[in-house]
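# Return a 3D structure for these sequence lines:
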Amino acid sequence: MLKIGIVLGSVREGRNGEAVTNWIYEFGKNRADAAYEIVDLADYQLPMLGAAVAEDEQAKVEATVTAWKEKMASFDGYIFVTPEYNHAIGGALKNALDYLNPELNNKAAGFVGYGSLGGTRAHENLRLILGELQVADVRAAVTFSLMSDFENFSNFKPADYHADNANEMLDQVIKWSGALKNVR
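Numbering: from 1, shown residues only. Predicted coordinates for the structure are as follows:
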């Protein structure tokens, strides 16, 4: 069975991403076609890539970076759950991806976004980044609007039609992840 990591790409306090991530996790788990696992960036507290690290913190930082790389390497494919900030992904997700390269090569990814336009511009930004990391991104995506899928911009109440998009995106991620497993 393929292993698919669902990456919660926001570390912001009070983030809407937890509800969105839990929704896609439960949705995927109910399909029973892969082993889905949530990977929360907030659990890793990665420093900015290239930033100076105090000598007494270096071992802890190295362990954190190693754990992040090993976790991401353990998957056959990914679902990136990301908000849209200023027409792009958030800085925490970009920084986390900058720590990776061979761990992601020849794997597939799908996107679940949320924002004023459903996170679509963040998806486009992520496609450029993942292309450099040799990740095949799929066409279908799930896009939640802060205006219509969240009550008062914070209480997640997704419309029923998102199930069709989620199924299509997951179908594509599973197919591509399986095909790319033969390349790795």
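# What does the pLDDT read for the spatially closest residue to Gly14 that is not a sequence neighbour?
Spatially, and ignoring its direct neighbours in sequence, Gly14 is nearest to Ser154 (7.7 Å; CB to CB, 6 or more residues apart in numbering). All C-beta atoms are positioned from the backbone trio N, CA, C, and that covers glycine. Ser154 is assigned a predicted lDDT (pLDDT) of 90.
# Strands along this structure, start to end?
Assigned by DSSP state E, the strands in the chain fall at 3-8, 35-40, 77-83, 107-115, 135-145, 150-151, 155-156.
# Those strands: which one's closest to Asp56?
Taking CB to CB, strand 35-40 is the member of these nearest to Asp56, at 26.2 Å.
# Using a markdown table, lay out the strands of the chain together with mean neighbour count and distance to Val61.
Below are the strands of the chain laid out as a markdown table (neighbours: other CB atoms under 10 Å; distance: least, CB to CB, whole Å):
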| stretch | mean neighbour count | distance to Val61 |
| --- | --- | --- |
| strand 3-8 | 22 | 20 |
| strand 35-40 | 18 | 18 |
| strand 77-83 | 27 | 24 |
| strand 107-115 | 26 | 25 |
| strand 135-145 | 20 | 25 |
| strand 150-151 | 14 | 35 |
| strand 155-156 | 13 | 33 |
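# How far does the lowest-mean-pLDDT helix or strand in the chain sit from its chain's centre?
The helix or strand of the chain with the lowest confidence, counting by mean pLDDT, DSSP states H and E, is strand 150-151 at a mean of 92. Averaging C-alpha positions (CA atoms, centre = their mean, to the nearest Å) puts strand 150-151 22 Å from its chain's average.
# Residues touching that strand, excluding its own?
Residues outside strand 150-151 that contact it (CB atoms under 8 Å, 6 or more residues apart in numbering) are 16, 114, 144, 156-157.
# what's the answer for stretch 161-179, then?
If you take CB under 8 Å, 6+ apart as the criterion, stretch 161-179 is touched by 2, 4, 24, 27-28, 31, 33-34, 76-79, 107-112, 136, 138-144, 149.
# In it, which residues are buried?
Of the residues in stretch 161-179, 162, 165-166, 168-170, 172-174, 176-177 count as buried by neighbour count, 16 or more other CB atoms under 10 Å.
# again, but for stretch 36-53
Buried residues in stretch 36-53 (16+ other CB under 10 Å): 36-41, 44, 46.
# again with stretch 82-96
Buried residues in stretch 82-96, counted by 16+ other CB under 10 Å: 82-85, 88-90, 92-96.
# could I get the residues you listed as TSV with distance to Lys71 and pLDDT?
Output for these, formatted as TSV (distance: CB to CB, whole Å; pLDDT from 0 to 100):
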residue	distance to Lys71	pLDDT
Thr82	18	97
Pro83	21	95
Glu84	25	94
Tyr85	24	91
Ala88	24	95
Ile89	19	96
Gly90	19	94
Ala92	15	97
Leu93	15	98
Lys94	18	98
Asn95	16	98
Ala96	11	98
